[in-house]
Every structure is written in structure tokens, then in C-alpha cells.
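Chemist: predicted coordinates and the sequence they were generated for:
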Amino acid sequence: MTPNSDERLASIIRALTEVILPQLPPEASLAQEQLHLSVGHLQILRAQFDAIPAYEREELDDAITIGKALKTGVSGGVLTQQAVAGIGAAIAAADGSHVRGQCQAIHDAIDALVRAVAVDGDIAGKAELRKIILELEHVRAQKDRRWFAPFGFDTL
Amino acid sequence: MNMQMDMESVNRRILDRRRANRSLPPYRAALSSEITDMLSGFFATARPGATISAVRRVGGGASKEQFFFTLTDGGHDESYLLRMDPRLAITETDREREFILLQAMQGIVPVPEAVWVDPNAEFFPQPAAIMKVVSGVTKPSSAGIKVSGLGTWLGPDLRAKLRDQFMDYLVTIHKFNWRTAQLRGFEIPDADPQQAARWSYNYWHELWHVDDGEARPIVSLTHQWLADNMPACDELVMIHGDYRTGNYLFDEASGRITALLDWEMARIGDFHEDLAWVLMQVFGTFEGSIFRASDLFEREEFIRIYEQRSGRTVNRKTLHYYDVMSSWKCFIITAANGMAAARAQHNHQDVLLTFLAATNVMFADDLVRLLSDNSWQGDAA
């Protein structure tokens, strides 16, 4: 593909930094701030561009992993069982054709399970829910922090 | 009482306004020339004969549109700050409430003098307040450019000069006699011992839903944990709500704090809520393995000195609850509130809000760490 995505982003960044930024008057503080932030965003996007599909696919895979663990590990009454079935349905529909939407659907189903377990989950089910979420979200959070580390906020 | 709907009236109005504003057209940053016209219109009523000049935008900050300007009346120049809401802010608050509290705090702790307020956007496109300009900086000139004062590095010299003032002003705020101050609109969460925590929880939880926060398992678990573990509040105090380095001005040469800023999240509540906010890792610094809250105090040192100077005992279980709530609030602010404003194009700096949203993963990890941590239980007795 010519021009490729990297070349297009690089040309935009150069135009913003070398042509537009020098023309901004010093008193245009908001414009200067937002231009710097825009360039920063674009530089990070450029660095991550090729890896985005794999990152989002991994997010979906991790949602399926936590969903399956909860589906088999959490027990309780009717509401809990219905919510567990909801997770199963969301996982079954996650064929990777729309990774962000399918990942969110699984997270929404897990949210429903957390609320259901609070109502009629049994003691073991409540403990297992907490254990699974904390363990697997710890793993997911480390990946997310590394992904967003280029923004410069994190002390990883 | 409907426990899930129970919250301070001002927060109910803020949520209703936020819902209503979602359908409005995009918002754009105001131009200095437009602000000059608005100020001229306002002062034609508030101070007839006065003229406006030197309008310039204030840089930094993630929430409000702010402008310095000069008001000339009878040959005398005075410098003021206009503080105006965007259509949707990353933290949705009430200008009149902040205005009332700033006036009440005059002479008690250093605050900007709040002079005028337009709470219902009669003169400005959004609610606004005007206050006198106070000299000072929010970070040392050598600190480099950082967004929104997060993690400001003060260094040993300024740290030594600022820390006692920072602590003493916090203790003074918590000692403020709100019962005799008759602060219009400040309600008292004393219906039952959990009401202080419940008001905070209900407001932020509903705000999450108003802004269509995207579910994430650790956040779902936290919603439930906070609902299930609300602590009793033994003593209601005035809390600042956003007390940290970055939210006060200081004179760089002397290290004297000249003004405490950003009172918009202040309310009557549990002092542990303020302590936990101060102790948030994101507002502090790490020097090797040493963490300093607001780059001023190590965690245990902060708690110990607060107890000494306030005469209060910090309940570790309650503090843990508010530690969790603080990270949860920050997750909601960055992942839901800021992103809702950016998606709707209802803010003057969408690109900053999407940039700041990258911090939400740190708060998600904070929640995992805090909910996995039972070490506070050893100190609870």
C-alpha cells in the first residue's frame, strides 16, 4: 500500500510540528497545548498502529478466559444461574468478527453476574467470583499499563 | 428513603443537567474576543462604566475554561479570573456552591476572593464565577510540562517549606465550623451513620451510568464492594474533595502557599475521604521505592502527623474503603466522564480528555491491588 499508514501519520506529524506549530502566536496557549497533545497522540498511535488488532484480539481472548472461569466457578440461586448463562451466550457469540463489541458484551455479562451474585450467590460462589476477577484482572491490568505507558503517566 | 437514590440535592441537579446536556450540539472553545464581549455585557450590569482588557486564556487544567482579565474602573486596574464550565466537564460541579464556600473560607485558609457568580448562565454561555487573581504557581518552574498537575515533583527544598502548611490547612478545613456557617445548599448526611459514604457512592455510581461507562470486571466488583462495605462516619467535617499538590498556589521563592484552589468537590462528609484522596499514588511521586503523597509525605508519616495535629484517630478500615473509592472515582472521571464529554464533543479540549483517559488503566490496577490487599486489617484494632 502506497502511501502506507506509517508514512501518512509521519507526514501529518511533521506538518503539525514544523509548519503549523511555529505559526501559532505565543498567546494562543490552548492551541499550543492541544497541538502538542495531538502530536503526542499521533506519535503513540504511529508506534502502536500495527499492533492494535492483536492487542484488541488479546483483550477479547482475556475476556473469554475470565468469562469461562466465572462460568464454571461461580454458583448460586436463580439470578446467578441466569447470569452465568448470559456469560455463556456472550462467549458463544464471540467469534472475533467484531472484537471490541464482543469483548464489551462479555464484560457486560460479567457485570450482570457480579450484581446477581450479590443477591443470591452462595458463599463459595462469592469467594470464587472475587478470586477469579482479582487474579485475571491483575494479569489484564499489567498488559494495559504497558500498552498505555508511552503516554508518560505511568511509573511502571 | 430510597437508598439507591439518596444523595445531596446539588448532585441530583448536576446529574439531571448532565443528562439534559447530552442532546445539545457540539461545544467549542471560546475565543478571547467572545469572552471580552461576554465580560463587557456582564459588567455593564455588575459594574457600570468599568472596561475590560487583557483577556487571555489560562493554560493547564483539565476541567474548566479559565481566563485572566483586567477590569478598569475609575482609572484603577484590577486583575480577575473568569472560571466557566464547558458544556460537559471531566468533573461536573456547581459554580455557585464553590463560590459560596470560597467566600466562607476567606480568612480561614488562603483562598481566592470570589467576587461574582453567574450560576444560571444568564450572562455567559455556561455557569461561571469570577474571582480575584492570586499570585503563585502550582508547580516549580523546573518541573517541566505535565498535564493537570498529576505527580508534580517539588524536590527537597520546596517539600520542606510546603509540607507543614499543606497539613495545617487540611486540618483547618476539617476543623471548619460548618454548623454555624450556614452554607446555602450544603446538606448534612446525618440521617444514619452510612449516609456520608452512601451520598458519595450513589452520586459517582449514577454518574458512571449517565456517562455510559464501559463495564470492566474489576470495576463491576468494585461497584459491589463499595455498596456492601459502607463505613459509618463518626464525625462530619467539611472536606475539600480534591486536596493535593497541583491544587494550591505557592510563591516559588518563599514556598508560602498563597491559595488553595479547586473547591468544587467540597462537601460535608468523612475526613477519611480527603485523606485517601491525598494518598492517591497518581497524585504523588516515587523516588525509588519511596512513595510521597503529593510529593510531601510518605503514607504512614502523613497519617501519623494528621492524627497528631487534628487530634483524630484514623480508622484504617475506613481509610481503606476510601482508598478504594478514590481510585474508583478516578477511574470514573477518566474512563467515563472525560470520554463522554469528548465523544459528545461537549468540551473545549477533547484531545486532552482522550489523552488523560489513558490513566484509567492505572486506576483499574489500583483497584486490583487495593481489593487484593488485606494488610490494613492488621492495624484495624
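Modeler: Good, I have the coordinates.
Chemist: what residues does chain A put near chain B?
Modeler: By the rule C-beta under 8 Å from any C-beta of the partner chain, the part of chain A lying against chain B is A:27, A:29-30, A:33-34, A:36-38, A:40-41, A:66, A:104, A:107-108, A:110-111, A:114-115, A:118, A:129-130, A:133-134, A:136-138, A:141-142, A:144-145, A:147-148, A:151, A:153-155. In short, each C-beta sits where N, CA and C put it, glycine included.
Chemist: got a list of what the spatially most central residue of chain A touches?
Modeler: Nearest to the geometric centre of chain A sits residue A:59, at 6.3 Å (C-alpha atoms, centre = their mean). Applying C-beta atoms under 8 Å, 6 or more residues apart in numbering or on different chains to residue A:59 gives the contacts A:99, A:100, A:103, A:140.
Chemist: let's see that with 10 Å instead.
Modeler: Counting by C-beta atoms under 10 Å, 6 or more residues apart in numbering or on different chains, residue A:59 touches A:99, A:100, A:102, A:103, A:104, A:106, A:107, A:140, A:143, A:144, A:147.
Chemist: top of those residues by number of neighbours, please.
Modeler: Most neighbours among the contacts of residue A:59, by other C-beta atoms under 10 Å in any protein chain shown: residue A:106, with 28 neighbours.
Chemist: distance between the helix or strand harbouring that one and the chain's centre?
Modeler: For residue A:106, the element it lies in under DSSP states H and E is helix A:99-120. The chain centroid and the centroid of helix A:99-120 are separated by 15 Å, computed with C-alpha atoms, centre = their mean, to the nearest Å.
Chemist: flag every buried residue along the helix or strand following it.
Modeler: Downstream of helix A:99-120, the first helix or strand assigned by DSSP H and E is helix A:123-148. By neighbour count with 16 or more other C-beta atoms under 10 Å in any protein chain shown, helix A:123-148 contains the buried residues A:125-126, A:128-130, A:132-134, A:136-137, A:140-141, A:144-145, A:147-148.
Chemist: nearest to residue B:301, out of those: which one, please.
Modeler: Using C-beta to C-beta, residue A:145 is the member of those that sits closest to residue B:301, with 27.1 Å.
Chemist: that closest one touches residue B:364, doesn't it?
Modeler: Yes: if you go by C-beta atoms under 10 Å, residue A:145 and residue B:364 touch, sitting 8.7 Å apart.
Chemist: mind giving me JSON lines with the contacts of residue A:59 and columns for pLDDT?
Modeler: As requested, those are arranged in JSON lines below (pLDDT from 0 to 100):
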{"residue": "A:99", "pLDDT": "97"}
{"residue": "A:100", "pLDDT": "97"}
{"residue": "A:102", "pLDDT": "98"}
{"residue": "A:103", "pLDDT": "98"}
{"residue": "A:104", "pLDDT": "98"}
{"residue": "A:106", "pLDDT": "98"}
{"residue": "A:107", "pLDDT": "98"}
{"residue": "A:140", "pLDDT": "98"}
{"residue": "A:143", "pLDDT": "97"}
{"residue": "A:144", "pLDDT": "97"}
{"residue": "A:147", "pLDDT": "97"}
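Chemist: packing partners of the longest helix belonging to chain B?
Modeler: Assignment by DSSP state H gives helix B:155-175 as the longest helix of chain B. The elements that helix B:155-175 packs onto, with contact taken as 3 or more C-beta pairs under 10 Å, 6 or more residues apart in numbering or on different chains; DSSP states H and E, are helix B:95-105, strand B:236-239, strand B:248-250, strand B:257-260, helix B:271-278, strand B:285-287, helix B:299-310.
Chemist: immediately after the last one, which helix or strand?
Modeler: Going back to what we said before, that points to helix B:299-310. helix B:316-331.
Chemist: what's the helix or strand just after that next one packed up against?
Modeler: Per DSSP H and E, the first helix or strand lying C-terminal to helix B:316-331 is helix B:338-343. Helices and strands touching helix B:338-343, by 3+ C-beta pairs under 10 Å, 6+ apart, are helix B:9-21, helix B:195-210, helix B:350-356.
Chemist: can you redo those helices as a markdown table with mean pLDDT and distance to residue B:153?
Modeler: Below are the helices and strands packed on helix B:338-343 laid out as a markdown table (pLDDT from 0 to 100; distance: least, C-beta to C-beta, whole Å):
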| stretch | mean pLDDT | distance to residue B:153 |
| --- | --- | --- |
| helix B:9-21 | 94 | 34 |
| helix B:195-210 | 97 | 29 |
| helix B:350-356 | 94 | 19 |
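Chemist: which one of those lies nearest to residue A:22?
Modeler: Minimum separation from residue A:22 across those (C-beta to C-beta) falls at helix B:350-356, 19.6 Å.
Chemist: okay, buried residues for that closest one please.
Modeler: Judged by neighbour count (16+ other C-beta under 10 Å), helix B:350-356 contains these buried residues: B:350, B:351, B:352, B:353, B:354, B:355, B:356.
Chemist: can you give me the distance of the closest residue to the first one other than its chain neighbours to chain A?
Modeler: If I follow you right, that is residue B:350. Take residue B:350 and drop its neighbours on the chain: the residue closest to it by C-beta to C-beta, 6 or more residues apart in numbering or on different chains is residue B:342, 4.0 Å away. Using C-beta to the nearest C-beta, to the nearest Å, we find residue B:342 at a distance of 12 Å from chain A.
Chemist: please apply the same query to residue B:2.
Modeler: From residue B:2 across to chain A, the span is 17 Å (C-beta to the nearest C-beta).
Chemist: what do you get for residue B:362?
Modeler: Distance of residue B:362 to chain A, given as C-beta to the nearest C-beta: 6 Å.
Chemist: count of neighbours near that residue?
Modeler: Using other C-beta under 10 Å: residue B:362 sits among 25 other residues.
Chemist: ok, the one 5 residues further on next?
Modeler: When counting by other C-beta under 10 Å, one arrives at 25 neighbours for residue B:367.
Chemist: please give the element, helix or strand, for it.
Modeler: Assigning secondary structure by DSSP H and E places residue B:367 in helix B:360-372.
Chemist: and that helix, what's buried?
Modeler: Quick answer for helix B:360-372 (16+ other C-beta under 10 Å): B:360, B:361, B:362, B:363, B:364, B:365, B:366, B:367, B:368, B:369, B:370, B:371.
Chemist: tabulate those in TSV, adding columns for distance to residue B:231 and pLDDT.
Modeler: What follows is those, written out as TSV (distance: C-beta to C-beta, whole Å; pLDDT from 0 to 100):
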residue	distance to residue B:231	pLDDT
B:360	25	96
B:361	28	97
B:362	25	95
B:363	21	97
B:364	23	98
B:365	24	97
B:366	19	96
B:367	18	98
B:368	21	98
B:369	20	96
B:370	15	97
B:371	16	97
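Chemist: just put those in JSON lines and tack on distance to residue B:65.
Modeler: Listed next are the buried residues of helix B:360-372 as JSON lines, based on distance: C-beta to C-beta, whole Å:
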{"residue": "B:360", "distance to residue B:65": "24"}
{"residue": "B:361", "distance to residue B:65": "28"}
{"residue": "B:362", "distance to residue B:65": "27"}
{"residue": "B:363", "distance to residue B:65": "26"}
{"residue": "B:364", "distance to residue B:65": "30"}
{"residue": "B:365", "distance to residue B:65": "32"}
{"residue": "B:366", "distance to residue B:65": "30"}
{"residue": "B:367", "distance to residue B:65": "31"}
{"residue": "B:368", "distance to residue B:65": "36"}
{"residue": "B:369", "distance to residue B:65": "35"}
{"residue": "B:370", "distance to residue B:65": "34"}
{"residue": "B:371", "distance to residue B:65": "37"}
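Chemist: great, nothing more from me.
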